[in-house]
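J.: Sequence plus predicted model, see below.
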2 protein chains.
Amino acid sequence: MYVAVMGYGTVGSGVVEVFNKNHESIVKRSTQSALEIRYILDLRDFPGDPNADKFIKDFNIILNDPEVKIVVETMGGLHPAFEFVSSLLKAGKSVVTSNKELVAAKGYELLKMAEENNVNFLFEASVGGGIPIIRPITQCLAANEIDEIAGILNGTTNFILTMMIEKQMSFEDALKLAQDNGYAEKDPTADIEGQDACRKICILASLCFGKHVYPDSVHTEGITKIALEDVAYVRNYGGVIKLLGRAKRLDNGKISAMVSPAVVMDGSQLASVRDVFNAILVRGDAIGDVVFYGKGAGKLPTASAVVADVIDCAKHVGRKKAFGWGPSEDDYVVDYKTLPTSLYIRASVADKAAALENVEAKFGKVRVLTRDNAPETEFAFVTGEDVEQTLCDKLTEIPGLTVLSSIRITDY
Amino acid sequence: MYVAVMGYGTVGSGVVEVFNKNHESIVKRSTQSALEIRYILDLRDFPGDPNADKFIKDFNIILNDPEVKIVVETMGGLHPAFEFVSSLLKAGKSVVTSNKELVAAKGYELLKMAEENNVNFLFEASVGGGIPIIRPITQCLAANEIDEIAGILNGTTNFILTMMIEKQMSFEDALKLAQDNGYAEKDPTADIEGQDACRKICILASLCFGKHVYPDSVHTEGITKIALEDVAYVRNYGGVIKLLGRAKRLDNGKISAMVSPAVVMDGSQLASVRDVFNAILVRGDAIGDVVFYGKGAGKLPTASAVVADVIDCAKHVGRKKAFGWGPSEDDYVVDYKTLPTSLYIRASVADKAAALENVEAKFGKVRVLTRDNAPETEFAFVTGEDVEQTLCDKLTEIPGLTVLSSIRITDY
């Protein structure tokens, strides 16, 4: 049985490397007598590459080779990945992808095509890099109703926040360091604005709750507005600021889903996740909290997840695995402002004592926070729990108080 | 398709509860049009139980019912569990068990019987309770060579150690509290002497490295000798004492495997695992470190893992999953004393300054540790890395020094 790899970038070349390195055990575990990479599709040239005999530039060679049963898509981006993958599934080939943008935008459509053609469309590597998460959710937790899922889903932003928390580095300096270390791209927008985490929570929420969750329905905030002042206040409160993607089943058949900076209290397994590591917490009705932790990116971890999916496809040729989700509906993801939360607030005020009095007149007792060297005009506190819109409305009604920073508190 | 449950204790009754509660989604996920519990085998009576019509006392009813295709074994103990499970596998029924004693002692034999009869023998719940670990190791990590595995595998001892670390409770008081809370049995031997953790690391090591690892080949130490003095010294060293089960692939085709108290440094994902929680770290060649965290015991978490296996059996009726391990060989697990480690040592000495001089004459520079209110006759330090036997020999050669406590340092 033959495999083709489309896209020979970091992940694609890692797939070929892992495949060659562990070939003997991969063949054994796939229960196929042979499993070989026949083609590598890439428009670029790779002179001197040991796999030179496998490179092709024409997608149709893969599409039209009946012996290629499994295709790995590691090109990234929506187009032409979507068109290629669609054609392959319709031609009766299973597809494995690490492309979270593709799965988040087109997952339902592609899963349906796979179903109709009795092939598999797998994407373990699209969330959490090498951390096994898609398969444990579908299989191991099959006996649970999953109530909630939350995760540190982006290694770049977690590295930046770790540097801010542990080294008091400014956001700009930490971003620069992440770029120098190769953790952040030259254009870091998709990471620091939360879009990457958004795609991943969409995939997880789709899987956990059964209907496709589209990225544009998920409220998404990045970490660019987090200041060292916030880090210090939250530290003194006994927590850390993390960029979380989270989603929750609501009583009315709908869900909540968002990406935003969030306060995670010390003692939580998510609080101790440092540097470029990722962690995903799944809360089930029978199982309680389960956390999956590991490197969320990187050539070999991600490649190993892709290869595991290839093995799974090889074991299931001619049989569609029971796996996937259904179509979505309007307003499936509710407006985040209608949900209860408590907030950490940092504000500029004319007079702290007067501010406290005004704040408590609106909110009742609040927890006032402190930090070293805070100016007299800075006031930070944590509200009790209420609907977010209500909290925001109250804040605007407090005279002489300008909110500089507002971060949701979590209970993970 | 019908299911039978053998043993209506904590886990068995939890299985029935989870099965009934989530029946609709279980049927859907099993891809069977129907999946029902037909029998519950238990010698005891359960007057007033809502499942009264299902109770039986004769094992042969299950064995001889051709419509029962899947049997859950939650009786515990080796006998008659082994005889029952053997008969069932030979009769062409798949078996799901939570019984770690059975799998650790007889796993290879039972897996072989399952293979020969084209049925499945699954045991996700035998390690880590509800934490998905067996299936991620076999499937998600299929593309990795696993080099090492280490875990906090016993919730009772982790609770006791947490109380000792955080509340300075003595071992005896913490054990009493664990018993009062229902975390420890009246006879806590299997937990506190490390036997429970030993069975679990045997199962994990068998799966990771491919050959059956028997409990009596694994050096096992419990936590009964850990003193609050050790907790304090290790705290000041920047670590915590945890009971770890661990196993490692060696270059010569053999493995190391042991259960013992170990120093885990702060910052490790294993260090922040508190109370009755478990965590398992898997180190693969491509994936790096991955950690699985959750409740390692308890009625519903364990039951949910059993039910997930039942669903998997239902999906694979008539097909043996590629899963399991081979027979063992003599000396497969090497003598732990031949392996390199560094040690935390607490000793009684006549004179600290003289002791330091003598110790450094043997070991070279060591890291001396301190604690509040240490008597003048107590001396604690951390050695450099060497073969454990060599370290122990050197210690006996130091005049006037009596080792009171010795704990291995880890790098997880």
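T.: Received, thanks. Numbers count the residues shown, from 1 in each chain, chains lettered A, B, ... in the order given.

J.: Get me the contact residues on the stretch 51-200 of chain A for chain B.
T.: Residues of the stretch 51-200 of chain A lying near chain B by C-beta under 8 Å from any C-beta of the partner chain: A:124, A:130-132, A:135-136, A:139-145. Using the backbone N, CA and C atoms, a C-beta is placed for each residue, glycine as well.

J.: Could you measure from the residue nearest to residue A:325 when sequence neighbours are not counted over to chain B?
T.: Leaving aside its sequence neighbours, residue A:325 sits nearest to residue A:206 (C-beta to C-beta, 6 or more residues apart in numbering or on different chains; 4.7 Å). Look at residue A:206 and chain B: by C-beta to the nearest C-beta, to the nearest Å, they are 16 Å apart.

J.: so residue A:206, which of the three states?
T.: For residue A:206, the secondary structure call by DSSP: H, G, I helix; E, B strand; the rest coil comes out as helix.

J.: just the strands in the stretch 201-350 of chain A please.
T.: A:219-220, A:239-249, A:255-265, A:277-284, A:288-295, A:340-349 (DSSP state E, counting those that start in this stretch).

J.: So for the second one, mean pLDDT?
T.: Right, strand A:239-249. For strand A:239-249, mean pLDDT rounds to 98.

J.: Next, the angle from it to strand A:255-265.
T.: 160 degrees (axes from the mean of the first three to the mean of the last three C-alpha atoms, to 10 degrees).

J.: does strand A:239-249 come close to chain B?
T.: No. Residues of strand A:239-249 contacting chain B under C-beta under 8 Å from any C-beta: none, with a closest distance of 12.4 Å.

J.: Any part of the least confident helix or strand in chain A by mean pLDDT near chain B?
T.: Sorting the helices and strands of chain A by mean pLDDT, DSSP states H and E puts helix A:23-30 at the bottom, at a mean of 85. Yes. Counting by C-beta under 8 Å from any C-beta, contacts between helix A:23-30 and chain B involve A:25-26, A:29.

J.: Mind giving me the ChimeraX command for buried ones among these?
T.: To isolate the buried members of the residues of helix A:23-30 next to chain B in ChimeraX, using 16 or more other C-beta atoms under 10 Å in any protein chain shown:
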select /A:26,29
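
J.: Chain B: which of the residues of helix A:23-30 next to chain B is nearest?
T.: residue A:29 (4.7 Å; C-beta to the nearest C-beta).

J.: Which residue, other than its chain neighbours, is closest to that closest one?
T.: Closest residue in space to residue A:29, ignoring its immediate chain neighbours: residue B:142 at 4.7 Å, by C-beta to C-beta, 6+ apart.

J.: pretty sure that neighbour contacts residue A:31?
T.: No. Taking contacts as C-beta atoms under 8 Å, residue B:142 lies outside contact range of residue A:31: 10.9 Å.

J.: Settle it for me: which of those two has more neighbours?
T.: Higher neighbour count among residue B:142 and residue A:31: residue B:142, with 23 against 14, using other C-beta atoms under 10 Å in any protein chain shown.

J.: any idea how far the spatially closest residue to residue A:115 that is not a sequence neighbour is from residue A:43?
T.: Spatial nearest neighbour of residue A:115, chain neighbours left out: residue A:320 (5.9 Å); criterion: C-beta to C-beta, 6+ apart. Residue A:320 sits 32 Å away from residue A:43, going by C-beta to C-beta, to the nearest Å.

J.: Residue A:343 now?
T.: Applying C-beta to C-beta, the value for residue A:343 to residue A:43 is 49 Å.

J.: same question, residue A:103
T.: For residue A:103, the distance to residue A:43 equals 23 Å [C-beta to C-beta].

J.: for residue A:361, same thing?
T.: Distance, residue A:361 to residue A:43, by C-beta to C-beta: 65 Å.

J.: and the strands of the stretch 201-350 of chain A as a markdown table, adding mean neighbour count?
T.: Formatted as a markdown table, these follow (neighbours: other C-beta atoms under 10 Å in any protein chain shown):
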| stretch | mean neighbour count |
| --- | --- |
| strand A:219-220 | 17 |
| strand A:239-249 | 24 |
| strand A:255-265 | 23 |
| strand A:277-284 | 25 |
| strand A:288-295 | 24 |
| strand A:340-349 | 19 |
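
J.: mind checking which of these is nearest residue A:326?
T.: Nearest to residue A:326 among the strands of the stretch 201-350 of chain A is strand A:255-265 (13.3 Å), distances taken as C-beta to C-beta.

J.: got the CA coordinates for that closest one in PDB?
T.: Output of strand A:255-265 as PDB, limited to C-alpha atoms (Å, rounded to 0.1, in the frame of the first residue of the first chain):
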ATOM      1  CA  ILE A 255     -22.500  25.900  23.600                       C
ATOM      2  CA  SER A 256     -20.200  28.700  24.700                       C
ATOM      3  CA  ALA A 257     -16.800  29.000  23.000                       C
ATOM      4  CA  MET A 258     -14.100  31.600  23.200                       C
ATOM      5  CA  VAL A 259     -10.400  32.300  23.100                       C
ATOM      6  CA  SER A 260      -9.100  34.900  25.500                       C
ATOM      7  CA  PRO A 261      -6.500  35.600  28.200                       C
ATOM      8  CA  ALA A 262      -7.800  34.100  31.400                       C
ATOM      9  CA  VAL A 263      -6.700  33.900  35.000                       C
ATOM     10  CA  VAL A 264      -5.800  30.400  36.000                       C
ATOM     11  CA  MET A 265      -5.300  29.900  39.700                       C
END
